[in-house]
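Chemist: got a structure for you, letters missing:
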Ligand SMILES: NC(=O)C1=CN([C@@H]2O[C@H](COP(=O)(O)OP(=O)(O)OC[C@H]3O[C@@H](n4cnc5c(N)ncnc54)[C@H](O)[C@@H]3O)[C@@H](O)[C@H]2O)[C@@H](O)CC1
Ligand SMILES: Nc1ncnc2c1ncn2[C@@H]1O[C@H](COP(=O)(O)OP(=O)(O)O)[C@@H](O)[C@H]1O
Ligand SMILES: [K+]
């Protein structure tokens, strides 16, 4: 952002003019959301840099709109432009305090302490003031970033403001897409101040980090179908799932795969599950497999793996299905591995095993599985960086599940699903994703859709179904079976 901003300034845009433009946009959003009729007294936290400058321009605008504005300015040494705005605010009679307590009776607090220029951990009186503010549980909104968060990793540097809403300026800062920052940012809104595309490209090159949008996700679904086609042209998925311990995962993945519209669906399960699966998924070919003593799938009988368009393996298989996982890894079919399929891969040795694969592999770990597969660092920290590194090392597409699921590809690109719902944090919802993605990857062969795009489509679709279900049924009403029943509605709304 700093480099992009630098290009804009070098091209002739005055720094002060940009600050004015940005702050006016913020002020008008505040006026729309919190009219002065109900929000009388506004406290503005002003830091030493241009985040503070923005805040002072907002303070001035709100003052002229009839709000009663007071400022808290804990650091007296200000950048020049910020200092000029501070002087002008003083001249208008806007009161300025060095103690946050003076803002305790405000209806709204605007946080302009630090933006992307925060360099080191907050400590001392500023940190105490932020902690105090958080204890008041007041309505707070942050400019650009909650003060205290690292703009890229989203890590809390010492302490951080917890606003109800954050106006992110210009381009989404990476922090907004990192799980660890989400409990801080509140509702995130982008304030678009017309950053020229040419400057973005000049600094970042072709986009390597992408937010999955509805348009991109829908574009890579296998629709519309060719008018003349047949079931084998629409892909054939082999789903390998289930055990005595975990039977339901097979049904959930099967229902996820059904929603993908895949032409043919074969499901390999332990023999005992066959009648149950047949009852739930009459259209599927159910392959009953011999079982280990522990009730896992022991082997895949008489199956020609090469005849499938894709294989998805893992939900509910348990760690005793090693030989099956070895067999699918050795096949030349696109493979999606999930759940214990991943734990088995980790035991086999992730990177040496994957280096022998001849076809594309997609791994869909949650944080715990990721750590076992790739002991690279803590996946609750800078997830985007970690998942990118894991994909580079392994040559596989890695989908790291979470509140902001991140998908990295061997090409170096990372996709992030920018919207989801904690309603999905529930046993079985990942199984649905595996089936859905498996079906889409298999069906993609009919339209020669690239794997990278298909995986992001699946992740988006899954998250949107969760959102839709939780809107209708509350966050408590999205069990994994219900989730499968909402998949179709997402696409119907998307293509309308
Ligand atoms: N392109 C953009 O995104 C635009 C950004 N603007 C604003 O400019 C901000 C960035 O401005 P700056 O680069 O001045 O950075 P900040 O305003 O984020 O803060 C940097 C200042 O804080 C000091 N500082 C850093 N860490 C500290 C710590 N731990 N304790 C005490 N002081 C510390 C630095 O010495 C520096 O003076 C953005 O966040 C945004 O609000 C807008 O004015 C215009 C457009
Ligand atoms: N807090 C959250 N917000 C949004 N999505 C979530 C959240 N927690 C989990 N999810 C999603 O729910 C699914 C859980 O999958 P997983 O952990 O494999 O569960 P299971 O193995 O029980 O099916 C993933 O798609 C994940 O991204
Ligand atoms: K801020």
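Modeler: Arrived safely. These numbers were taken from a predicted model, which means no experiment stands behind them. Ligands and ions are numbered 1, 2, ... in the order given.
Chemist: Leaving out the residues flanking it, which one is nearest to residue 237?
Modeler: residue 442 (3.9 Å; C-beta to C-beta, 6 or more residues apart in numbering). For every residue, glycine as well, the C-beta is placed using N, CA and C.
Chemist: which residues does the closest residue to residue 367 other than its chain neighbours contact?
Modeler: Of all residues not flanking residue 367 in the chain, residue 379 sits nearest, at 4.3 Å (C-beta to C-beta, 6+ apart). Contacts for residue 379 (C-beta atoms under 8 Å, 6 or more residues apart in numbering) come out as 367, 370-371, 386-387, 400.
Chemist: can you check residue 479 too?
Modeler: Counted by C-beta under 8 Å, 6+ apart, residue 479 has contacts 426, 428.
Chemist: if we can go back for a sec, farthest-apart pair in the contacts of residue 379, please.
Modeler: 371 and 387 (12.1 Å; C-beta to C-beta).
Chemist: More neighbours: which of the two?
Modeler: residue 387 (27 against 17; other C-beta atoms under 10 Å).
Chemist: pretty sure the more buried one contacts residue 414?
Modeler: Yes: using C-beta atoms under 8 Å, residue 387 is in contact with residue 414, at 6.7 Å.
Chemist: Mind listing the shared neighbours of those two?
Modeler: 406-408.
Chemist: which outside residues touch the helix or strand hosting residue 255?
Modeler: Take DSSP states H and E as the rule and residue 255 turns out to sit in helix 248-259. Outside helix 248-259, the residues that touch it by C-beta under 8 Å, 6+ apart are 237, 239, 241-242, 265, 267, 269, 273, 276-277, 280-281, 283-284, 312, 315-316, 339, 428, 431-439, 462, 480-481, 484, 487-488.
Chemist: just checking, residue 266 is part of a strand?
Modeler: Yes: assignment of residue 266 by DSSP: H, G, I helix; E, B strand; the rest coil places it within a strand.
Chemist: Which residues are in contact with it?
Modeler: Contacts of residue 266 (C-beta under 8 Å, 6+ apart): 236-239, 284-287, 303, 308.
Chemist: Which of those residues sits closest to residue 199?
Modeler: The closest of the contacts of residue 266, once distances to residue 199 are taken by C-beta to C-beta, is residue 237, at 43.9 Å.
Chemist: tell me the SS of the residue nearest to the spatial centre of the chain?
Modeler: Residue closest to the mean C-alpha point of the chain, counted by C-alpha atoms, centre = their mean, is residue 404 at 2.1 Å. With three-state DSSP as the basis, residue 404 sits in coil.
Chemist: and it, what does it touch?
Modeler: Counting by C-beta under 8 Å, 6+ apart, residue 404 has contacts 177-179, 182, 383, 416-418, 420.
Chemist: run the last query once more with 7 Å
Modeler: Under the criterion of C-beta atoms under 7 Å, 6 or more residues apart in numbering, the contact list for residue 404 reads 177-179, 182, 416-418.
Chemist: So which of the residues you listed sit within helices?
Modeler: 179, 182 (DSSP state H).
Chemist: and the helix or strand containing residue 353, what does it pack onto?
Modeler: Residue 353 is part of helix 350-355, with elements assigned from DSSP H and E. Secondary-structure packing of helix 350-355 (3 or more C-beta pairs under 7 Å, 6 or more residues apart in numbering; DSSP states H and E): helix 383-394.
Chemist: can you do 10 Å?
Modeler: helix 322-330, helix 340-348, strand 361-363, helix 367-373, helix 383-394 (3 or more C-beta pairs under 10 Å, 6 or more residues apart in numbering; DSSP states H and E).
Chemist: Which pLDDT value goes with the closest residue to residue 427 other than its chain neighbours?
Modeler: Once flanking residues are discounted, residue 427 sits nearest to residue 480: 7.0 Å by C-beta to C-beta, 6+ apart. Residue 480 is assigned 98 on the pLDDT scale.
Chemist: Now do residue 480 against ligand 3, distance only.
Modeler: Note on residue 480: its distance to ligand 3, by C-beta to the ion, to the nearest Å, is 39 Å.
Chemist: Which residues of the protein lie near ligand 1?
Modeler: Counting by C-beta under 6 Å from any ligand atom, the chain comes close to ligand 1 at 1, 5, 18-19, 22, 47-54, 79, 114-120, 122, 143-144, 169-170.
Chemist: hey, which helix or strand in this structure has the poorest pLDDT?
Modeler: strand 209-211 (a mean of 91; mean pLDDT, DSSP states H and E).
Chemist: That strand pairs with which strands, parallel or anti?
Modeler: Strands that pair with strand 209-211, judged by DSSP bridges, come out as strand 414-416 (parallel).
Chemist: what distance separates the partner strand from the middle of the whole chain?
Modeler: On the basis of C-alpha atoms, centre = their mean, to the nearest Å, strand 414-416 sits 8 Å off its chain's mean C-alpha point.
Chemist: Just give me the neighbour total for the residue nearest to residue 104 when sequence neighbours are not counted.
Modeler: The spatial neighbour of residue 104 that comes closest, neighbours along the chain excluded (C-beta to C-beta, 6+ apart), is residue 136 at 6.4 Å. Applying other C-beta under 10 Å, we find 14 residues neighbouring residue 136.
Chemist: Angles on the backbone of residue 136, please.
Modeler: Main-chain dihedrals, residue 136, degrees, to the nearest 10: phi -70, psi -20.
Chemist: For it, give me its contacts.
Modeler: 100-101, 103-104, 106, 109 (C-beta atoms under 10 Å, 6 or more residues apart in numbering).
Chemist: Residue 126 versus that one, what's the distance?
Modeler: 16 Å (C-beta to C-beta, to the nearest Å).
Chemist: again, but for residue 263
Modeler: Residue 263 is 61 Å from residue 126, by C-beta to C-beta.
Chemist: Then residue 29?
Modeler: 26 Å.
Chemist: Which of the two has more residues huddled nearby?
Modeler: The neighbour comparison of residue 29 against residue 126 (other C-beta under 10 Å) goes to residue 126, with 20 against 16.
Chemist: Following element in sequence after whichever strand or helix holds the more buried one, please.
Modeler: If you go by DSSP H and E, residue 126 is part of helix 124-136. Sequence-wise, the next helix or strand beyond helix 124-136 is strand 140-143, with elements assigned using DSSP H and E.
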